[in-house]
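Q: Got a sequence here, can you model it:
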Amino acid sequence: MQHKHPIGVFDSGVGGTSIWKEIVHKLPQEDSIYLADIKNAPYGERSKEDILALSIKNTEYLISHGCKIIVVACNTATTNAIDVLRANYDIPFIGIEPAIKPAALASKTKAIGILATKGTLSSALFARTSSLYTTDLNVIEVTGTGLVELIESGKLHSEELFKLLKSYVQPMMNQNIDYLVLGCSHYPYLIPVLKKILPEHVQIIDSGQAVAKQTERILSENKLLFDDEKGGKHTLFSNASIEVLQALTEDIPVNRSVSFLDF
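A: From the prediction side, this is the model:
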């Protein structure tokens, strides 16, 4: 009966809800548990050892609550911890990493921008992926210091965030990028602001839909898809304030609960 068990999702905070929403839209019949590890955010500024320890903590909570698959909805945790998680736990894991490949293959100006956290840009997995597809490209990598904290504190539409974001993408625009790759699961929430800053021809790419498709594929391969026609039940936990998590998930109103949990 394991196919009835929930999908587990964790992130360093509320950003992974951008991934979680894509999964809910793709697999509306599935239950889910989401962990927002807000008190330890952002992971991107932490050491590899810290990121691994936090990823193990989140994984063990989700497994203890019966999750049949775990989506690591955090670029930094994926690039620093997913190999260890897969080696140590007998459960499928879905990771996310910057969608460099589609941007690199589609770029006409041969210049792409990557906005990500320090933890992602400095990881071995990111270096491997980047080296495979960007040898003939001008790649402008920018660390989005401070963006996660502003999103987590509910300042998504503030002048402070607008100015900071513009300072990060201006060097990319100066080098004629035609694709901007978002390398943090928080950053899809910046897309409306980015569209005000970037020229119209610049395409923005994030990983949400690809992760949802991969989750469906892995569940199907492992005969873990739940095909009940009723909508799933979604339980979201924050180990700090729940207000931003509540606000960012209001567009999934059905069978959703948001609670504080000291995990």
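
Q: any idea how far residue 237 is from the closest residue to residue 238 other than its chain neighbours?
A: Nearest non-adjacent residue to residue 238, counting by CB to CB, 6 or more residues apart in numbering: residue 36, 4.4 Å away. C-betas here are computed from N, CA, C, even on glycine. From residue 36 across to residue 237, the span is 7 Å (CB to CB, to the nearest Å).

Q: Between the two, point out the one with more neighbours.
A: More crowded of residue 36 and residue 237, by other CB atoms under 10 Å: residue 36, with 33 against 21.

Q: now the more buried one, which residues is it bridged with?
A: Assessed by DSSP bridges, residue 36 has beta-bridge partners residue 11, residue 238.

Q: Am I right that it is in contact with residue 236?
A: Yes: Residue 36 sits in contact with residue 236 when judged by CB atoms under 8 Å, with a separation of 6.9 Å.

Q: As CSV, could you dump the C-alpha coordinates of stretch 168-186?
A: What follows is stretch 168-186, C-alpha atoms only, in CSV (Å, rounded to 0.1, in the frame of the first residue of the first chain):
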residue,chain,number,x,y,z
TYR,A,168,22.8,41.5,-9.9
VAL,A,169,21.3,41.3,-13.4
GLN,A,170,22.8,44.5,-14.8
PRO,A,171,26.2,43.0,-15.4
MET,A,172,24.5,40.1,-17.3
MET,A,173,22.5,42.6,-19.4
ASN,A,174,25.7,44.5,-20.1
GLN,A,175,27.1,41.2,-21.7
ASN,A,176,24.1,40.6,-23.9
ILE,A,177,22.6,37.5,-22.3
ASP,A,178,19.5,36.0,-23.9
TYR,A,179,18.8,33.5,-21.1
LEU,A,180,18.8,33.8,-17.4
VAL,A,181,18.9,30.6,-15.4
LEU,A,182,17.5,30.7,-11.9
GLY,A,183,19.7,28.5,-9.6
CYS,A,184,17.7,28.7,-6.4
SER,A,185,14.2,27.4,-5.7
HIS,A,186,13.3,30.8,-4.0
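
Q: and it, how far out from the chain's middle?
A: 17 Å (CA atoms, centre = their mean, to the nearest Å).

Q: Kindly report the same for stretch 49-66.
A: Chain-centre distance of stretch 49-66: 16 Å, with CA atoms, centre = their mean.

Q: what is the mean pLDDT for it?
A: Averaging pLDDT along stretch 49-66 yields 98.

Q: Give me the common contacts of residue 36 and residue 236.
A: Here residue 36 and residue 236 have 17, 245 as joint contacts, going by CB atoms under 8 Å, 6 or more residues apart in numbering.

Q: circling back: which ones are touching the residue nearest to residue 238?
A: 10-11, 13-14, 16-17, 236-240, 245.

Q: one more time with 7 Å, if that's ok
A: Counting by CB atoms under 7 Å, 6 or more residues apart in numbering, residue 36 makes contact with 11, 13-14, 236-238, 245.

Q: Closest to residue 109 out of those residues?
A: residue 11 (32.1 Å; CB to CB).

Q: That closest one - how many residues pack around it?
A: 30.

Q: Spit out the contact partners of it.
A: 36-37, 73-74, 185.

Q: And it, how far from residue 215?
A: Distance of residue 11 to residue 215, given as CB to CB: 15 Å.
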